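# need a structure here:
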Amino acid sequence: MRGLEIAKAFYHEYGEPMLREKFPEILPFMAVGLLGRGSECLGFDDEVSRDHDFEPGFCVFLPGEEIVDRRTAFLLERAYAGLPKEFMGLRRAVISPVGGARHGVLRTAEFMTDLVGSSDGRLDLTGWMTVPDHALTEALSGEIFTDPYGEVTAIRERLRRQPVDVKRKKLAGHLLLMGQSGQYNYKRCLAHGETAAAQLAVTEFVKSTMSVVFLLNNTYQPYYKWSFRAMRALPRLSLEAELLEYLLTSDNEPETAKEKYDVIEGIASDVIDELMEQGLTEAICADLEKHAYSVNDQIADAYIRNLHILAAV
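Predicted structure coming up:
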């Protein structure tokens, strides 16, 4: 059973009865679920994941002290710490009465500020341009089991709605880096005899391509160690993941290098086809750099459009 399923079962068997019995007066104001950092919040946990930070547990989210006061929150923290120490053969970590870093009683505003720099999910332009996609993924990960007050759900909905112009700025920047690293610098590094630098160019191409693919799927990219797994499940361009893995894991001997460059151009062609299908570019060519500037030209907000093309990367 996956961590999210274990968390939900633990909540329904022990957490929910405890909350209903001991804290009925604040039930309408709390949210309960499992989200944030951790492979279990993405559904990517396995046996290896259980070697650290893996336990039966859930998050209880509380609004500000004007609604749930500090003493009530403290009593709730103690009650959470008092839940059974073992569930489904898994031991809960020994923690203080105020819960753990990933589980326990949390103030919603503090939790969200820690993840995305905003207590209520309202980001200004600087926030949207600078908050890492993996942080947004963590804020939207997992599942909310119950949220009668609606605060956590509302924040998550706000964070799903990244401004279109910001998405286009990010897309333009990553397309430019794709072109520079893959279509241009990879072969030039090899021509200089710099095979290590050539592989660095490949790495930059792969990283930028993955960012582009997630943007073209209108979803946030998770932390890098989960990006390949998440990419393989996307509806658009998911097959590129295998080609990107080949680029990273193959050598740069002359015969392989020629094949790798062909793969790079093939990926570029697929990305350009998707850009055109979505109406994101007006350029008609195979040059990713020209498509990058075409995407940037379509940004409606003049301020964002006129920022450096790499401003959101």
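
# verify the stated contact: Ser181 with Thr209.
No - if you go by Cβ atoms under 8 Å, Ser181 and Thr209 don't touch, sitting 9.3 Å apart. Backbone N, C-alpha and C define where each C-beta goes, glycine included.

# more crowded one of those two?
Thr209 (29 against 23; other Cβ atoms under 10 Å).

# and that one, what helix or strand is that in?
helix 195-216 (DSSP states H and E).

# quick one: name whatever helix or strand follows that helix.
helix 224-231.

# so what touches that next one?
39, 42, 44, 134, 207, 210, 213-214, 221-222, 238, 240-241, 244-245 (Cβ atoms under 8 Å, 6 or more residues apart in numbering).

# quick revisit: may I see the buried residues of the helix holding Thr209?
197-199, 201-202, 204-216 (16 or more other Cβ atoms under 10 Å).

# gap between that helix and the chain center?
Its chain's C-alpha centre and that of helix 195-216 lie 18 Å apart, by Cα atoms, centre = their mean, to the nearest Å.

# let's see that helix as PDB, backbone CA atoms only.
Taking C-alpha atoms only, helix 195-216 is exported to PDB below (Å, rounded to 0.1, in the frame of the first residue of the first chain):
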ATOM      1  CA  THR A 195      33.700  15.800 -24.500                       C
ATOM      2  CA  ALA A 196      33.000  16.700 -20.900                       C
ATOM      3  CA  ALA A 197      31.700  20.100 -21.900                       C
ATOM      4  CA  ALA A 198      29.600  18.400 -24.600                       C
ATOM      5  CA  GLN A 199      28.000  16.200 -22.000                       C
ATOM      6  CA  LEU A 200      27.300  19.300 -19.900                       C
ATOM      7  CA  ALA A 201      25.600  20.800 -23.000                       C
ATOM      8  CA  VAL A 202      23.500  17.600 -23.200                       C
ATOM      9  CA  THR A 203      22.600  17.900 -19.600                       C
ATOM     10  CA  GLU A 204      21.400  21.500 -20.000                       C
ATOM     11  CA  PHE A 205      19.400  20.500 -23.100                       C
ATOM     12  CA  VAL A 206      17.700  17.700 -21.200                       C
ATOM     13  CA  LYS A 207      16.900  19.900 -18.200                       C
ATOM     14  CA  SER A 208      15.500  22.700 -20.400                       C
ATOM     15  CA  THR A 209      13.600  20.200 -22.600                       C
ATOM     16  CA  MET A 210      11.900  18.700 -19.500                       C
ATOM     17  CA  SER A 211      10.900  22.200 -18.300                       C
ATOM     18  CA  VAL A 212       9.400  22.900 -21.800                       C
ATOM     19  CA  VAL A 213       7.500  19.600 -21.800                       C
ATOM     20  CA  PHE A 214       5.900  20.300 -18.400                       C
ATOM     21  CA  LEU A 215       5.000  23.800 -19.500                       C
ATOM     22  CA  LEU A 216       3.400  22.500 -22.700                       C
END
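
# what angle do that helix and helix 224-231 make?
Relative orientation of helix 195-216 versus helix 224-231 (axes from the mean of the first three to the mean of the last three Cα atoms, to 10 degrees): 50 degrees.
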